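Engineer: Build the 3D model from these lines:
(chains A, B, C and D)
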Protein chains: 2
Amino acid sequence: MMVSTKGRYALTVMVDLARNEGDGYVSLSDIAEREKLSMKYLESIISILNKGGMLMSLRGKNGGYKLAREPKDYNISEILLLTEGTLAPVNCIMQEGVQCEKAATCSTLPLWAGLDKAIEGYLSAITLEDIITGNRKKMLGDYCESCAPEEKAE
Amino acid sequence: MMVSTKGRYALTVMVDLARNEGDGYVSLSDIAEREKLSMKYLESIISILNKGGMLMSLRGKNGGYKLAREPKDYNISEILLLTEGTLAPVNCIMQEGVQCEKAATCSTLPLWAGLDKAIEGYLSAITLEDIITGNRKKMLGDYCESCAPEEKAE
DNA sequence: ATAAATCCTACTCTGTTAGTAGGAATATGT
DNA sequence: ACATATTCCTACTAACAGAGTAGGATTTAT
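Structural biologist: Numbering: from 1, shown residues only, chains lettered A, B, ... in the order given. All right, here's what the predicted structure looks like:
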C-alpha cells in the first residue's frame, strides 16, 4: 500500500476540521468520535500535521485544533507527503535526488518516474475543498459508473 | 510502497526476456546474472509470471523461459497486477467490488478511487515495448528535466 | 482546585517483505 | 546410460513497517 492508515486518517482529520470550521477549536476526542477512529492513534497523526504547520492548536480546556488556512489552499499531495514521508510508488524513487546506483542504466526507471509524476500530479491538483464539496468530476473524471452509484429504491 | 521488489523484479525479468528474444529459451541463471539479482528469489517471481500465462517455459538442459506474446502486447499494469496482487494505493480500495463498510458515506473514497484510476490508467497505457525502446515521451510526458538528463562531458 | 484538553515517550503485537535452503522432476548431449 | 543443466515445488527465517496501546506531563478555562 502506498498510503497507509496514517495518511488516510490524516486526510480524514483535515476533512473533519474543514467541515467543522467556525466552531473555533475542535477537540480531538470529538473528531475521533465522529470518525469512529482511535483517539490515541489520531493523537500521533495530528501531531505530525500540527508540527508541519497545517494546523493551529490550543492546549487546555476548550482547546483543540483548527485549520491554519482555508480548505481551498491545501492540496492533497502536501497532506499525504507530510504524514507518509513519501508518495513514491517504488523504493527506487527517492526524494531529493538520492538515486539507486543502477539508475544510469536502468531501463525501467523512466516508468517509475513517470508513475510517480502521474500520482503527484493527480494529488496536487485536488484540494481539501474539492473533497468537502464532493467535486466528483475533478476526482473521478467525466465518467465513473463503478464508484458509489446513485442508490435505487427497491 | 505500492510496488514491492516482487513486481519490480518481475518487470525487470520481462524486459530482459524481451531484449533477449530470438535466442530461444533464456535460462533464469542468465537473467539473474545480467540483472544482478538473486536467482533463488527470481525463481519464485518468474513462477508467478509463468503460471499467469505470461511466459512459456521449457525444463531440462538448455531450457528456460521466453515471452508468450510480443512485447507490444503486454501492458505494464497486467504484469504488476499479476505479481503484486493489487495496485490499489490504499487498503480501502478493493478489487471485485469488495468495499469498506463506511463506503456509502465516506467523503474521501472518491479521491482514492480517482487515484486508483489514474495509476491504472497510466500503467495500462504503457507496453513492454515502450520500455525496451525507451519511449520517454510516453512514460514521462513532454517535459522531464529531473529524470536521467543527458550527460555532459566534463 | 478540578476538569479537559494537548503534548510527549515508549512499548507491543502482527503481518509483510525479501529473501534462503534443499531437493524433486525433467530434458539434453555425450 | 549417465552426468549435467535446467525448471519446479515446499518450507523456513530474519528484519522491518504498520497499527495501534499505555501512561503520564503540561497547559488552560472555569
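Engineer: Beta-bridge partners for the nearest residue to A:Ala68 once chain neighbours are set aside, please?
Structural biologist: Counting by Cβ to Cβ, 6 or more residues apart in numbering or on different chains, the nearest residue to A:Ala68 once its immediate chain neighbours are dropped is A:Met56, at 5.3 Å. Heads up, the C-betas are built off the backbone N, CA and C, glycines and all. Bridge pairing for A:Met56 (DSSP bridges) gives the partners A:Lys66.
Engineer: for A:Met56, what are its contacts?
Structural biologist: Under the criterion of Cβ atoms under 8 Å, 6 or more residues apart in numbering or on different chains, the contact list for A:Met56 reads A:Tyr25, A:Tyr65, A:Lys66, A:Leu67, A:Ala68.
Engineer: and what of A:Asp73?
Structural biologist: Shown in contact with A:Asp73 (Cβ under 8 Å, 6+ apart): A:Thr127.
Engineer: Quick check: pLDDT value at it.
Structural biologist: Looking at A:Asp73, its pLDDT reads 98.
Engineer: Can you report phi and psi for it?
Structural biologist: Comment: the main-chain dihedrals of A:Asp73 come out as phi -100, psi 10, following degrees, to the nearest 10.
Engineer: CA-only coordinates of the helix or strand encompassing A:Glu120 in PDB, if you can.
Structural biologist: Using DSSP states H and E, the secondary-structure element containing A:Glu120 is helix A:109-124. Taking C-alpha atoms only, helix A:109-124 is exported to PDB below (Å, rounded to 0.1, in the frame of the first residue of the first chain):
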ATOM      1  CA  LEU A 109      13.400   3.800 -14.100                       C
ATOM      2  CA  PRO A 110      11.600   6.200 -16.500                       C
ATOM      3  CA  LEU A 111       8.500   4.200 -16.000                       C
ATOM      4  CA  TRP A 112       8.600   4.500 -12.200                       C
ATOM      5  CA  ALA A 113       9.500   8.200 -12.500                       C
ATOM      6  CA  GLY A 114       6.500   8.700 -14.800                       C
ATOM      7  CA  LEU A 115       4.200   6.900 -12.400                       C
ATOM      8  CA  ASP A 116       5.500   9.000  -9.600                       C
ATOM      9  CA  LYS A 117       4.800  12.100 -11.600                       C
ATOM     10  CA  ALA A 118       1.300  10.900 -12.500                       C
ATOM     11  CA  ILE A 119       0.500  10.300  -8.900                       C
ATOM     12  CA  GLU A 120       1.900  13.500  -7.700                       C
ATOM     13  CA  GLY A 121       0.100  15.400 -10.500                       C
ATOM     14  CA  TYR A 122      -3.200  13.900  -9.600                       C
ATOM     15  CA  LEU A 123      -3.000  14.500  -5.900                       C
ATOM     16  CA  SER A 124      -1.600  18.000  -6.100                       C
END
